[in-house]
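> sequence and predicted structure are below.
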Amino acid sequence: MTREAIGPLLPPARAAAPRGTVTTPRRRPGGRRQRGGRLGIRAVGYGVLALGTILYLGPFLIQIAGSFKTDPGAAQDPLGLIPDPATLQAWRKAFGLDTALEMPIARWLGNSVLVTVSVTVGRLLIDSLIGYALARLRFTGRAAINALVIAVMAVPGVVLLIPKFLVLKQLGIFDTYAGMILPLLFDAVGILLMKTAFEQVPRELEEAARIDGAGVFTTYWRVVLPLVRPALITVGILSFQGSWNEFTHFLVATSDPAYETLNLGLARLAAGPLGGSQQFPLKLALATLSTLPVLVVYIVFQRHFIRSQMSSGGKE
């Protein structure tokens, strides 16, 4: 068939533009409206984020500002962010420079650092070993152990306070560092995080290592463990935060002031000498002092923490 015969069936030909002219694409109707809608949604999203940031950081900023106020200034303007007048009196008392109020801050900090570092290092080792065994090894009772780890997460910690106390007394490790550290070394959340991270590592790497003569522990330590560093850092941050802020376990694990951690010492101080007083700047300074280590650790390692959360969504 010729073009003349099928001409009515063809769409009309578009006239060619003269040479040298610039054609502009047609704007779709509603394009500006869609662009304006996207900008509006983005503005609302940023506004919600800004409001959340203010609500989240506001109490912390008020806490820091209040620690530099005088007692009358804190009572008169508790929410003000600018101390007037500013003073270091509360911080001097917090660091034990005021002999009128006995606060062994150095001993409390030392005990907190010792327990926190020990628990964090122990959890990194134990959680990674158990996580690797559950992810890669095939042995009898593996499914039961996995179910037991998940079941432990459903048990409230308060329910275990009296059994913990009785077990520590029976084992003879009450009022010892061992009684404060050993019960905290097992962490179900860390085990599941490490198990998930190990499952994302290709099995071909482990098979190649075993062909080269590497054993199970050598494969775990030298081949697989370096590949899950973001997960290790995540478990380390969570372990540091949890053990540093731990209170109930230390409350039943020790009664000797020589083993008091920072949180336990501050709680007993608030219930004792500071229980009926209105020394708000001193209380806020002590609360800030207990918060800063966790804040510093998270700021330093937040990049790895976020990377681990993003990579845990699926296998790479």
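Cool, the structure landed.
> and for Tyr56, the neighbour number?
Tyr56: 9 surrounding residues under other CB atoms under 10 Å. (Glycine included, C-beta is placed from N, CA and C.)
> could you list the buried residues of the helix or strand hosting it?
Counting by DSSP states H and E, the secondary-structure element that holds Tyr56 is helix 31-67. In terms of neighbour count (16 or more other CB atoms under 10 Å), helix 31-67 has its buried residues at 64-67.
> same check, this time on stretch 152-164
160, 164.
> skip the chain neighbours and tell me the closest residue to Ile64.
Thr288 (5.7 Å; CB to CB, 6 or more residues apart in numbering).
> and the one you found, what element?
Here Thr288 is assigned to helix 280-311, by DSSP H and E.
> with Ala147 as the reference, measure out to Gly141.
10 Å (CB to CB, to the nearest Å).
> can you check the pLDDT for the closest residue to Arg222 other than its chain neighbours?
Spatial nearest neighbour of Arg222, excluding adjacent residues (CB to CB, 6+ apart): Ala214 at 7.2 Å. Note for Ala214: predicted pLDDT of 88.
> need phi/psi at Ala214.
phi -80, psi 140 (degrees, to the nearest 10).
> what's the neighbour count on it?
So Ala214, with other CB under 10 Å, has 16 neighbours.
> for Pro78, see how far away it is.
62 Å.
> just to revisit the earlier point, contacts only, for the residue nearest to Ile64.
Thr288 is in contact with 63-64, 67, counting by CB atoms under 8 Å, 6 or more residues apart in numbering.
> ok, the closest residue to Glu206 other than its chain neighbours to Gly236 distance?
Closest residue in space to Glu206, ignoring its immediate chain neighbours: Thr219 at 5.2 Å, by CB to CB, 6+ apart. Applying CB to CB, the value for Thr219 to Gly236 is 22 Å.
> now swap in Leu185 and tell me
Distance from Leu185 to Gly236, by CB to CB: 14 Å.
> surely Arg210 is in contact with Thr219?
Yes: the criterion here is CB atoms under 8 Å, and Arg210 meets it with Thr219 at 6.4 Å.
> so for these two, which residue has more residues nearby?
A count of neighbours by other CB under 10 Å puts Thr219 above the other of Arg210 and Thr219, at 20 against 14.
> picking that back up, wait, the residue nearest to Arg222 touches Val223, no?
Yes: between Ala214 and Val223 there is a contact under CB under 8 Å: 7.0 Å.
> ok, the residue nearest to Glu206 - contacts?
Counting by CB under 8 Å, 6+ apart, Thr219 has contacts 206, 209-210.
> looking at these, which are in helices?
206, 209-210 (DSSP state H).
> tally of neighbours for Glu102?
9.
> which secondary structure state does it sit in?
Counting by DSSP: H, G, I helix; E, B strand; the rest coil, the backbone at Glu102 sits in coil.
> what's the spacing between Val113 and Pro230?
From Val113 to Pro230 the distance is 25 Å (CB to CB).
> between the two, who's got more neighbours?
More crowded of Val113 and Pro230, by other CB under 10 Å: Pro230, with 20 against 14.
> which strand or helix spans that one?
helix 229-244.
> buried residues in the helix or strand that that helix is followed by?
The helix or strand immediately downstream of helix 229-244 is helix 248-253, counting by DSSP H and E. Using 16+ other CB under 10 Å as the test for burial, helix 248-253 gives 249-253.
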